[in-house]
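Enquirer: Predicted model, plus sequence, below.
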Amino acid sequence: MTTDYVLEARAVGRDYYQGEVLVPVLRDTHIVVRPGEKLAVVGVSGSGKTTLLNLLGGLDDPTAGTVMVCGTDWQQLSVSHRASWRNKHVGFVYQFHHLLGEFSALENVALPCLIGGASVAEARQRAQQLLDKVGLADRVQHKPAELSGGERQRVAIARALVTSPSVVLMDEPTGNLDPGTAEVILDLLLELNQSLNLAFVVVTHDPAIAARMDRQVNLINGQLVELEAAVV
């Protein structure tokens, strides 16, 4: 394995037990992502897309195989070192924003920096810069309940990017938005991919989103199948 990739999964499998029955979800899965690359993972509901994302982000361990981020094997890290490595190198954007309701937009975005050891002043400055970049300069003191769905997702995106991660993992990032807002958010994500040279792995069932990525893989019967190159 090399560090030419920000993300590598080699021969990854994941099984679960339902009672005494062993249920294989992923098997012999291979995936590599280069710096700045945009990859779509598509598949029907229940195909294992979210399971794969959790393995890639070190939130769960594979039953077989290896997952590496920036050359480091998740399974070789202690719990504390894994959390630190994740904070530094991986951002997450989910279908639901998962913002803290009692915190302002600025405080929500600054939190990963504070967890990573930044000073309050540095964390606030970086959070302000990201909120400016996602078009929320005038909404930084608003709490999630005071923001629209699209604005909350912009805050979630800023939070995912504030530590300058190597790769951002997204699980249906526009799934809870109306079509017009979803298009705006997707355009924003693509602009950030270009301007910040971030790698994206986007789990989606939406072919329109998948078509705007650099590559597409389809999760079929627990294995990834490479699709034809997307036309952007």
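Expert: Received the coordinates, thanks.
Enquirer: Whichever strand or helix holds Arg27: how far from the chain's middle?
Expert: Following DSSP states H and E, one finds Arg27 within strand 21-33. Centroid separation for strand 21-33 versus its chain: 19 Å, with C-alpha atoms, centre = their mean, to the nearest Å.
Enquirer: got the contact list for that strand?
Expert: 5-17, 39, 48, 51-52, 55-56, 62, 64-65, 167, 199, 201, 217, 222-224 (C-beta atoms under 8 Å, 6 or more residues apart in numbering). C-beta coordinates here come from the backbone N, C-alpha and C atoms, glycine included.
Enquirer: what about 7 Å?
Expert: 5-16, 39, 48, 51-52, 167, 199, 201, 217, 222-224 (C-beta atoms under 7 Å, 6 or more residues apart in numbering).
Enquirer: now, which of those lie within helices?
Expert: Among the contacts of strand 21-33, the members found in helices (DSSP state H) are Thr51, Leu52.
Enquirer: just the buried members of the contacts of strand 21-33?
Expert: 5-10, 12-14, 39, 48, 51-52, 167, 199, 201, 217, 222, 224 (16 or more other C-beta atoms under 10 Å).
Enquirer: quick one: low-confidence ranges for the chain?
Expert: Of all residues in the chain, those with pLDDT under 70 make up the ranges 1-3, 227-232.
Enquirer: State the helix or strand in which the residue positioned nearest the centre of it lies.
Expert: By C-alpha atoms, centre = their mean, the chain has its centre lying nearest to Leu169, at 1.6 Å. Per DSSP H and E: Leu169 is located in strand 167-171.
Enquirer: is it true that Val109 touches Val155?
Expert: Yes. The pair Val109 and Val155 passes the contact test of C-beta atoms under 7 Å, sitting 6.3 Å apart.
Enquirer: Compare the two (neighbour count), which wins?
Expert: A direct count of neighbours by other C-beta atoms under 10 Å for Val109 and Val155 places Val109 higher, at 31 against 28.
Enquirer: and the more buried one, that's in a helix?
Expert: Yes. Under DSSP: H, G, I helix; E, B strand; the rest coil, Val109 sits within a helix.
Enquirer: Name every strand pairing with the strand holding Arg27 and say which way it goes.
Expert: The pairing partners recorded for strand 21-33 under DSSP bridges are strand 7-18 (antiparallel).
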